[in-house]
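> how would this look folded up:
(one chain, ligands or ions: 1)
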Amino acid sequence: MALKLFNTLSRSVQEFTPSRSDRTGLYCCGPTVYDFAHIGNWRTFVFGDLVRRTLEFQGHAVTHVMNITDVEDKIIKRVRETKSSLREFTGQYEAAFLGDLKTLNCLLPHHLPHATEHIPEIIALIEKLIARGIAYRAADGSVYFSIEKYRGCGCTYGKLLKLNFDEMRAGERVKSDEYAKESVADFALWKARVPEDGEVFWPSPFGEGRPGWHIECSAMSMKVLGESFDLHLGGEDLIFPHHEDEIAQSEGATGKPFVKYWLHGAHLLVEGKKMSKSLGNFFTLRDLLAKGFTGREIRYLLLTAHYRETFNFTLEGLSGAKSALARIDECVGKLREIIGAPGTAPARPDASTEPQRAETVLGAPDELFTRFSTALDDDLNISAAWGAVFEWVRETNRRLAENSISSADATAALAAWNKIDSVLGIGTAREVEAPAEINALLEARQAARKAKDFKRSDAIRDELKAKGWIIEDSPKGPKLKKI
Ligand SMILES: [Zn+2]
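Just a heads-up that it's a prediction; the model follows:
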């Protein structure tokens, strides 16, 4: 079965057929770095990570791009309020974002383009739209996208929402980055400098100013992935106006289809209500870590709901995540023990006369793999995917209890689990949660190796071993494993 995904563009579940065999472009709208990302934002970023991991699991060579919006209305306001420079202000939140991404074990996108580093590309795109008669300079010096001219060229504005213009009263023009669909209007591509912008402005052929939010994503996605690419993803709150405007700007400039599949993640409620600071249910990732939960538990919980369903995130759910993960850890740990001490594990009883046993038993590695893949193919049916995992855990525990898992069985089971975990990204407690003291020793060992002090690095390795940890060097760097 091939991967099927719900495409907002067609309002239907479609088979994913990449337009190029050598590379699949995946663009996820990234953070606006004016504050710490909250758990609702993280739901979308973890969803993006799941999409990328699923595509890679299926053998696609993905180029994953996530923009960093480091100039925008809210940022300018905060820069003014905090009397800091743009770079100082956004730098701290970008660093926090990347740290959180790591805590949640999301793969780092291959490209993280910054809006402020793509001003020439943004200006070039606006010039193209002006040359095509779709954008115009208004009296205030700002440049706007003309919805009327765009539609006059035979293009459709509102492809994702299926806007009905006959029933709408189009507004004049809108300068702010966010607006309601009731006021569909010409939107700003370039915002002329005003006193409130302070030092945040760039020179351009249209005068000093700064880019609008929507044009940033069009310019950066097309720069890295080309004028047409396969997948564009974001939270459902971005459908309008952000993604509609991205389509209009991009297709208006190139005359080519911009994106083949648009994927949108649903909202998140916290304790049954829309997240709000006044209700006390507004959580950033660090708020939850401070309550004693781990990134792994939060990732697990965010991955338990289908991406198109509104998800109710609760602290009770996080506690449940802890016990669910403990069940997986215990099972995987026992399988590792069998491999680690093959002499103590009983061989599969009379394996020579039962060659099909491992393949036919419910919950066997092959079946786990097949059921897991089939579930993901079905528009990322994560509930069915977890169902396969926990059925495998149950069955494996049963076989462990009757001592019927040989070292070879355990090796095959762990290989299947590792492949599956390349999608889930939850690891096991042993791999991702070494105590701080052990991690500090690993860092000291790396520093010693870098300084070519091999005597010290060996001594640290021995000390780690004495404390029950071994270092495994991998192409991605050293990894700690519990003995
Ligand atoms: Zn975007």
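> Below-threshold pLDDT in the chain: ranges please.
166-172, 180-183, 341-364, 429-433, 474-476, 482-483 (pLDDT under 70).
> longest single helix anywhere in it?
For the chain, the longest helix by residue count, based on DSSP state H, is helix 315-340.
> Break down the stretch 301-450 of the chain into its strands, ranges please.
311-313 (DSSP state E, counting those that start in this stretch).
> cool, and the stretch 101-250 of the chain?
Going by DSSP E, counting those that start in this stretch, the stretch 101-250 of the chain shows strands at 135-137, 143-145, 173-174, 186-192, 209-211, 229-235.
> As CSV, these with distance to the ion and mean neighbour count would be great.
Backbone N, C-alpha and C define where each C-beta goes, glycine included. What follows is the strands of the stretch 101-250 of the chain, written out as CSV (distance: least, CB to the ion, whole Å; neighbours: other CB atoms under 10 Å):
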stretch, distance to the ion, mean neighbour count
strand 135-137, 19, 20
strand 143-145, 15, 25
strand 173-174, 17, 18
strand 186-192, 14, 25
strand 209-211, 12, 25
strand 229-235, 6, 25
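> what would those strands look like in CSV with distance to E117?
Output for those, formatted as CSV (distance: least, CB to CB, whole Å):
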stretch, distance to E117
strand 135-137, 22
strand 143-145, 20
strand 173-174, 26
strand 186-192, 17
strand 209-211, 12
strand 229-235, 20
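> For Q92, find the nearest of the ones you listed.
Nearest of these to Q92, taken as CB to CB: strand 209-211 at 20.4 Å.
> That closest one: how far from the chain's middle?
28 Å (CA atoms, centre = their mean, to the nearest Å).
> try stretch 398-410
36 Å.
> need the contact list for the nearest residue to E121 once chain neighbours are set aside.
Excluding its sequence neighbours, the residue lying closest to E121 (CB to CB, 6 or more residues apart in numbering) is A219, at 4.4 Å. Neighbouring residues of A219 by CB atoms under 8 Å, 6 or more residues apart in numbering: H118, E121, I122, A124, L125, P211.
> Under a three-state scheme, what state does L26 occupy?
strand (DSSP: H, G, I helix; E, B strand; the rest coil).
> shouldn't it be in contact with L55?
Yes: if you go by CB atoms under 8 Å, L26 and L55 touch, sitting 7.0 Å apart.
> sorry, back to before: got CSV for the contacts of A219, with distance to A321 too?
Shown next, in CSV, are the contacts of A219 (distance: CB to CB, whole Å):
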residue, distance to A321
H118, 38
E121, 42
I122, 41
A124, 47
L125, 43
P211, 40
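> Which strand residues bridge A192?
Residues in a beta bridge with A192, per DSSP bridges, are G209.
> Settle this for me: it is touching S204, isn't it.
No: A192 is not in contact with S204 according to CB under 8 Å; the separation is 9.6 Å.
> count of residues packed around the closest residue to the ion within the stretch 1-150 of the chain?
Distances between the stretch 1-150 of the chain and the ion by CB to the ion are smallest at C29, namely 3.2 Å. Number of residues near C29 (other CB atoms under 10 Å) recorded here: 24.
> ok, and V13, which helix or strand is that part of?
strand 12-15 (DSSP states H and E).
> hey, C-alpha coordinates of that strand in PDB?
The C-alpha trace of strand 12-15 is given here as PDB (Å, rounded to 0.1, in the frame of the first residue of the first chain):
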ATOM      1  CA  SER A  12      -9.500  14.500   0.100                       C
ATOM      2  CA  VAL A  13      -7.100  11.700   1.000                       C
ATOM      3  CA  GLN A  14      -4.800  11.200  -1.900                       C
ATOM      4  CA  GLU A  15      -2.000   8.900  -2.700                       C
END
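> circling back to that earlier point, widest-spaced pair of the contacts of A219?
Among the contacts of A219, A124 and P211 lie farthest apart (CB to CB), at 11.6 Å.
> which non-adjacent residue is nearest the one residue in the stretch 201-350 of the chain that gets nearest to the ion?
Closest contact between the stretch 201-350 of the chain and the ion, by CB to the ion, is at C217 (3.2 Å). Closest residue to C217 apart from its sequence neighbours, by CB to CB, 6+ apart: E246 at 5.2 Å.
> follow-up on the earlier one: which among the strands of the stretch 101-250 of the chain is found nearest to T8?
Closest approach to T8 among the strands of the stretch 101-250 of the chain is made by strand 229-235 (9.4 Å; CB to CB).
> and the closest one, what does it pack onto?
strand 24-28, helix 39-57, strand 259-265 (3 or more CB pairs under 8 Å, 6 or more residues apart in numbering; DSSP states H and E).
> and N381, how many neighbours?
15.
> before we move on, back to that, tell me the contacts of the residue nearest to C217?
By CB under 8 Å, 6+ apart, the contact set of E246 is H214, C217, S218, S221, H232, F258.
> contacting residues for the first one?
Taking CB under 8 Å, 6+ apart as the contact definition, H214 lies against D177, F187, L189, P241, H242, D245, E246, Q249.
> tell me the contacts of the residue lying closest to the first one once chain neighbours are set aside?
Computed as CB to CB, 6+ apart, the closest residue to D177 that is not its neighbour in sequence is W213, at 4.0 Å. In this structure, W213 makes contact with T32, T69, E72, D73, D177, H242, judged by CB under 8 Å, 6+ apart.
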